[in-house]
Every structure is written in C-alpha cells, then in structure tokens.
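1. Sharing a model prediction with you, sequence too.
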Amino acid sequence: DTPATGADDGTDPGGTPPSVLDEAALTETKANPETEDPEDLAENETWKNFVTITCGETIEVENSDESDMSVSVSGTNITVTSSKKMVLTLRGTLNGSVLVTKPDGKLKLVLDGVTIRSQSGPAINLQTEKRVFVEVADGTANSLTDGAEHPTMPDGSKTKAALFSEEQMIFSGNGTLSVTGNHSHAIASDDYLRFWSGTYVLGAVDDGLRANDAIIVDGGSIEAEAGSDGMECERGYVVFNGGKAELNATDCGIKTSTAETYDPYIDVLNGMIGITAGDDGLKSQSDIRVRGGCIQAEAANNGIKAAGTISVSDGYVFAKSSGNDAFDADGGIAVSGGTAVALASSSDGAAFNANAAGFSVAGGMIAAGANTETAPADSSAQCSLLYDNTNRNALFRIENENGEEVLTMRYDATYGKLLFSAPGLVSGESYSL
C-alpha cells in the first residue's frame, strides 16, 4: 500500500480520459479574444479588381483593369504590379516564378490548381504593403518549389521561403498546398502567418513555417518535414485555436525565439499537435499555456521547455524525452486540469523539472515516469502518489481501500520513479498498486 501525499481539496473525482480522442472536437476552431481580428477575415472584404493568370506552354492573362494592374512576362518569370486592392488567381504549370509588387491595397491570392517550380528565388514572392489573403481553392492540388539560391532584392532585402511575403499572410480554402523550400523555409512572412482552413504539406531545409511576429492556427491541417524547426516565430508568439499539425523537425517542433518586441509565448486553446523533434518538442522564451486540445511531443532533448512557466489547465499533453526532461520550466510548472503524461527515459532526466521555481498540482490527471524522482510541492491542492518501481513494472492499476479504480496506466517502457495524481486521491488514505 502507498499513502497519498499532499492536501485533499474536496473536489469530485474526475473522469478517465477516453481511449479514443474526439478529433472533430479537438480540431474545431475555438474563439480566442486574444487573437480575434475582423481584418483577418477574407469574407469581410469586397473585391472589384481581378487578374487571372493561366500558365502552360503559353501564359494567358485576364485583366479587369490593365491601366492600373500590369502583368509582365520575361521568359517564365511573371511580375504583377498594382496599387489597387485586387484578386490574383494562378492556374496551370509554370517553370518559373511570380513576383507581386503592391505599394498599396490588399491582395487576395487564389491558388486554383497551380504548380510553380522556380529555378532561382521564391516560387511566389509577395512584396506588398498590406495583408495578403491566400485562398487554396476548394478541391484543388497546388505545388510551390523554390530554387536553392535566392538573389538579393534590389532594395537589399532577402527572401526567405518558397512562398514569401513581406506582410501578413492569412490562409483559407479547402484545397491542398504543397510547398518545398530548397533555399531555406517553406512558407515565411516578415509579419505574421494565420491559418483558417486548408491542407498544407511542407518540406524545407530550414523551417516549415517562419514568421517574425506571430503564427496563429485556427483550423486546417499542417504537415511539415523540417531541416530545422517545424514552426518558428522569431520575436512573437504561436497560438493554436484549433486545427491539426504534424511536425517532424531536426531541431524544435514549435519554437519562439526572442523576447524583443512581443511576449514570445506558446498558447494552445484547441487543436491536435503531433511532434517528433531532434531538440525540444515545444520551446518558448516565455510561457507555455495548454488550455485545451491535444499535444503529443517526443523529443531528443526536452519534451516541453519554457523560459517562463508551463501551465496545463485543460486538454491532453503527452511529453516524452529520450535525453533530458519531459517538462522543463525555469519559471515553474502548474497543473490545474486536463491530462498530463510525462516520460523521461534518460538516467538523469526528470518528468517535471521546475528548476526550483515550484511544481504545483491543483487538478487534472498526471501519470509520469522517469529515473529520477519528481514530487509536487506539499502545498499542492491535489494529492499525488509517488512510487519507487523497483520491480520495473509497466502496467499499473491504482485502487483505493474499497478496491475501486482510481487510475490505470500502461507505460511504454519501465521507469524507476513514478508519479500519479488524480482528483479521486484523498490525503491520509492508502492505495494499492
């Protein structure tokens, strides 16, 4: 028998997490006042000017106003110049590139079954002064590939991706967009990226997605094979309000880099996120908040790493480290709801490493395994069980004094030190494993 430690907060026992998660519920878009912006909705816009370019053996152009929207073709490179608010539709196959120069006016870029393979520079280079709405037309397959070399722009700036924009890019539609970044990133913005819907398959020698100010995922599906990070925001935040992401990264799965301009936090309100990473699964230079959704992060270094705090208040989190800690936060760790599974298989890795800043449990369900002991603070509102797994078992069922199930857990391997916490644990009672 193992006694429970910590305080009993009197809450009702929580339900066992389902063996099969509801993907529809976990990927639906949840309203988030922190990222709400009517300007990011293409349906709020009215469009009156249209250019359609169909590529093939010849390049055909339909232009609703040639006096204010010019299209020039030099070999297989197309340049569109306009200061008007406009819709640009691309179709067909082009072994070249598209450059859009817009000193003013919003742009709606419709990818309607287009394949672009650039030999030098981005496949699509958006030099605009206002946000760009990228619509992946329903039911279409689209492909963009850049060249391994990117010449410097005339103003001295550098392009960073196969699909590159100086301003915001906001994605929607129910088609598929495949992007291959041979020079650096697959999709990049010097402002922010936002995804409402669509399917995105990314491959890059550097990052799958790269933005300066923010990456916001409200819906859609993103798959990335990245030579560096799956998603990186250089000086801002990453937020999931829904959608799905599968990221296989040589470095980090999701990373916020610096704290120069914005708070570089990571916030998951909803969404399904799967990560396999050669460094950290999720890494933030500020806080990481899990308020819903489902995260599965398997990493060679830390599963989840924050320079600030890590908080879990709802949702499901599975963090596994093969070389360091499952959860590692310089500013402390707080679990108040949801389900957290933390596994660290190295000899000195911890399931929860709060770096002396405090590890508290006030709710939710926890199952953790490591080879060094991790204990929540004695002041935690919810009780926990610590177990020295000298027999190296992998399957556990915790029962109370009446023989009733509290928690059943099968580990993927054997761990020497185990931690369990659930709302049904009561201080002072004994439990059988």
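-> Yep, that arrived.

2. what's the least confident helix or strand in the chain, going by average pLDDT?
-> Lowest by mean pLDDT, DSSP states H and E among the helices and strands of the chain is strand 2-3, with a mean of 45.

3. Show me what the helix or strand just after it is packed against.
-> Per DSSP states H and E, the first helix or strand lying C-terminal to strand 2-3 is helix 23-27. Contact here means 3 or more Cβ pairs under 8 Å, 6 or more residues apart in numbering; DSSP states H and E; on that basis helix 23-27 packs against strand 237-249, strand 266-277, strand 288-299. For the C-beta atoms, the positions are set from N, CA and C on the backbone; glycine is no exception.

4. what's next to helix 23-27, contact-wise?
-> G219, G242, G243, K244, N270, G271, M272, G292, G293, C294 (Cβ atoms under 8 Å, 6 or more residues apart in numbering).

5. buried sites along that helix?
-> Neighbour counts over helix 23-27 (16 or more other Cβ atoms under 10 Å) mark L26, T27 as buried.

6. What of stretch 409-425?
-> Buried residues in stretch 409-425 (16+ other Cβ under 10 Å): M409, Y411, Y415, K417, L418, L419, F420, S421, A422, P423, G424, L425.

7. did I read that right, E43 in a strand?
-> No: secondary structure of E43 (DSSP: H, G, I helix; E, B strand; the rest coil): helix, not part of a strand.

8. hmm, back to that, output the helices and strands packed on helix 23-27 in a markdown table, with mean pLDDT, mean neighbour count and distance to G56 appended to each entry.
-> Formatted as a markdown table, the helices and strands packed on helix 23-27 follow (pLDDT from 0 to 100; neighbours: other Cβ atoms under 10 Å; distance: least, Cβ to Cβ, whole Å):
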| stretch | mean pLDDT | mean neighbour count | distance to G56 |
| --- | --- | --- | --- |
| strand 237-249 | 98 | 24 | 34 |
| strand 266-277 | 98 | 24 | 38 |
| strand 288-299 | 98 | 24 | 43 |
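
9. can you put the buried residues of stretch 409-425 in TSV and add secondary structure, distance to I366 and pLDDT?
-> Output for those, formatted as TSV (DSSP: H, G, I helix; E, B strand; the rest coil; distance: Cβ to Cβ, whole Å; pLDDT from 0 to 100):
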residue	secondary structure	distance to I366	pLDDT
M409	strand	10	83
Y411	coil	13	86
Y415	coil	14	89
K417	strand	13	91
L418	strand	10	91
L419	strand	6	92
F420	strand	7	92
S421	strand	4	92
A422	coil	8	90
P423	coil	11	90
G424	coil	13	82
L425	coil	10	88
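
10. okay if I get those residues as TSV plus distance to E129?
-> Below are those laid out as TSV (distance: Cβ to Cβ, whole Å):
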residue	distance to E129
M409	55
Y411	54
Y415	55
K417	57
L418	57
L419	53
F420	56
S421	52
A422	54
P423	53
G424	58
L425	58
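
11. closest to Q119 among those residues?
-> Taking Cβ to Cβ as the measure, Q119 lies nearest Y411 of the buried residues of stretch 409-425, at 51.2 Å.

12. Next, the contact list for that closest one, please.
-> L343, A367, G369, A394, L395, F396.

13. Report the buried members of those residues.
-> L343, A367, G369, F396.

14. Show only the entries of the residues you listed found in strands.
-> L343, A367, G369, F396 (DSSP state E).

15. Give me the nearest residue to the first one, chain neighbours excluded.
-> The reference is to L343. Nearest non-adjacent residue to L343, counting by Cβ to Cβ, 6 or more residues apart in numbering: K320, 4.4 Å away.

16. Who does the one you found form a beta bridge with?
-> Beta-bridge pairing of K320 under DSSP bridges involves E298, L343.

17. List just the nearest of the contacts of Y411 to D263.
-> Looking across the contacts of Y411 and measuring by Cβ to Cβ, the closest to D263 is L343, at 29.3 Å.

18. Which helix or which strand is home to P264?
-> Residue-wise, P264 maps onto no helix or strand under DSSP H and E.

19. give the contact list for it.
-> C233, R235, G236, Y237, T256, S257, T258, S284, Q285, S286.

20. of all those residues, which two lie farthest apart?
-> Pairwise over the contacts of P264, using Cβ to Cβ, the maximum falls at R235 and S284, 12.6 Å.

21. what about the two, which has more around it?
-> Shown here are R235 and S284; by other Cβ atoms under 10 Å, S284 has more neighbours (30 against 17).
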